[in-house]
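>>> quick one, structure for this:
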Amino acid sequence: MKYTTLPNTDIKVSKICLGTMTFGQQNTEAEGHAQMDYALENGVNFFDTAEMYSIPANKDTYGSTEKIIGTWFKKSGKRSAIVLASKIAGPNPNFGYMRDTMDFSPSSIKTALDQSLQRLQTDYIDLYQLHWPERKTNYFGQRGFHTQDDQWEDNIHSVLETLDGFIKEGKIKHIGLSNENAWGIMRFLEENKYNNLPRIKTIQNPYSLLNRLFENASAEICSRENVGLLAYSPMAFGILSGKFLTGEKHPKARLTLFPQYSRYSSDQCTEATRLYNEIAIKNGLSLTELSLAFIEQQPFLTSTIIGATTLEQLKENIDTINVTLSKEVLNATDAVQAIIPDPAP
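Sure thing, here's the model as predicted:
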């Protein structure tokens, strides 16, 4: 395994992070425990979850992932070995079953945090992230920003003051963002710079060979301001494994079970995946190796969040940490990006 530190901290984290959103629907508690055992045994000390998991989110399975992690902590006694990240969900009218108010008000943050701590059977979270902004903006598959009358008033100062209180209580060690854009990153950094409020350490956004939009503005901010990317959906819901190029049916695949996640299923995505697969084959790599090694070599990356439903997939994903892509291979991926730029927003 390779390690780095959470930016502006001395916390060592593996450059591969175990994503857990399948625990509770696609994976049972026993399977989730087995994945966490295997990940830790192979050097992965960084786990990511969220209050709304498992995914797809619904009332019956809300919080199930955190509960599975919590029972693993209790069973294994390995809480201190793990850098744990979780998230508070932002506004969404469909998620009213989570809390009375789906916002980042002081009472809402307190409720979400305390409930997560209870489910996780721990008294602190190492990295607490805002899952998506309160304001309406271009996140979750939206390519460009369109002005919207969302009645949002800038409350970022207040949100950071609330989080600062929980940091001082010891319930949170550090904070991060998720599904945020360049303006949001700079706005949070501004409050740290001018008002001495907690500094965001990371941002968790989608990033893959099929979606490199993070590079357009956010990557420069992260590089210059020392904010680390936690790249999620690096395999584009399994598309970048290449398994859907063969025409075979995959009844247990995420996209088969949950076809509503069609962000990476367009004709452009399929063609780009085919071209990336040709590069992989030409260079003696699997498409999985090419896809994950590409991300792991980015200078603005802190960790790649991988999710798997089987131990075989998990092993393959973790093993990519030992793959280094040549400049020629990276240039070849750039050539595909130039022909079919960011086919999935």
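>>> in three-state terms, label the nearest residue to K78 once chain neighbours are set aside for me.
Distances taken as C-beta to C-beta, 6 or more residues apart in numbering place L40 nearest to K78, at 6.4 Å, with adjacent residues excluded. Quick note: C-beta positions are derived from backbone N, CA and C, even for glycine. Following DSSP: H, G, I helix; E, B strand; the rest coil, the label given to L40 is helix.
>>> for L40, give its distance to L18.
Going from L40 to L18 by C-beta to C-beta, to the nearest Å gives 9 Å.
>>> of the two, who's got more company?
Neighbour count, other C-beta atoms under 10 Å: between L40 and L18, L18 has more, with 28 against 18.
>>> buried ones in stretch 129-147?
Q129, L130, H131, W132, P133, E134, R135, K136, T137, Y139 (16 or more other C-beta atoms under 10 Å).
>>> among the residues you listed, show me the least confident.
Note: of those, the lowest pLDDT belongs to Y139, at 71.
>>> so what's it up against?
Y139 is in contact with W132, P133, N179, E180, N181, counting by C-beta atoms under 8 Å, 6 or more residues apart in numbering.
>>> which residue is nearest the middle of this structure?
Nearest to the mean C-alpha position of the chain, by C-alpha atoms, centre = their mean, lies Y232 at 3.7 Å.
>>> which residue sits closest to P343, ignoring its sequence neighbours?
P343's closest residue in space is Q268 (C-beta to C-beta, 6+ apart), at 3.7 Å.
>>> check K67 too.
Counting by C-beta to C-beta, 6+ apart, K67 lies nearest to R119, which is 4.8 Å off, once chain neighbours are set aside.
>>> next: I340.
That would be A272: by C-beta to C-beta, 6+ apart, it lies 4.5 Å from I340.
>>> isn't that neighbour up against P341?
No - A272 is beyond contact range of P341, at 9.3 Å (criterion: C-beta atoms under 8 Å).
>>> who's more crowded, these two?
A count of neighbours by other C-beta under 10 Å puts A272 above the other of A272 and P341, at 26 against 11.
>>> name the helix or strand for that one, please.
Per DSSP states H and E: A272 is located in helix 267-282.
>>> in that helix, what counts as buried?
Quick answer for helix 267-282 (16+ other C-beta under 10 Å): C269, T270, A272, T273, L275, Y276, N277, I279, A280.
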